[in-house]
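Colleague: Structural data only, the sequence is not supplied:
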């Protein structure tokens, strides 16, 4: 059970090697930088070292308790990430698939709305703009 924040790319297969041993279900989610408009070159993600890792670990522990997880892992990147790069992954392991799916969904909702990251979109022209919070992310979190 772990949460890590770093700038380097991660290898999903390596992250899952040995993960969730003995579980009946393992669920993973990998977030990727996407360009919905055709104008995005990269996403810059900033965070406060120490504070961010503690918050992610807290979310993981809460999910483990709520959904009886046997294992969980959160990996999140920071820095400049071009379109197509992996941003983050969540993995959950539980005795049964329902709990593993719910826990992954729960963690994603917390990460999208509460994790202490700040994001800027960088356009092909070099223009940068901060990404605002979305009401839909808050709505998703409210169901928990």
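Modeller: Received, thanks. Keep in mind it's a predicted model, so treat the numbers as computed, not measured.
Colleague: got the residue ranges for the strands in this protein?
Modeller: Using DSSP state E, the strands of the chain run over residues 2-6, 25-32, 40-47, 71-77, 79-82, 86-94, 117-123, 128-130.
Colleague: Make a markdown table from the ones you listed and add distance to residue 59 and mean pLDDT to it.
Modeller: All C-beta atoms are positioned from the backbone trio N, CA, C, and that covers glycine. As requested, the strands of the chain are exported to a markdown table (distance: least, CB to CB, whole Å; pLDDT from 0 to 100):
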| stretch | distance to residue 59 | mean pLDDT |
| --- | --- | --- |
| strand 2-6 | 8 | 97 |
| strand 25-32 | 14 | 98 |
| strand 40-47 | 14 | 98 |
| strand 71-77 | 7 | 98 |
| strand 79-82 | 21 | 98 |
| strand 86-94 | 9 | 98 |
| strand 117-123 | 13 | 97 |
| strand 128-130 | 23 | 97 |
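Colleague: Looking at those strands, which is nearest to residue 55?
Modeller: Of all the strands of the chain, strand 2-6 sits nearest to residue 55, with 8.4 Å by CB to CB.
Colleague: Spatially central, which residue of the chain would that be?
Modeller: Nearest to the mean C-alpha position of the chain, by CA atoms, centre = their mean, lies residue 88 at 4.5 Å.
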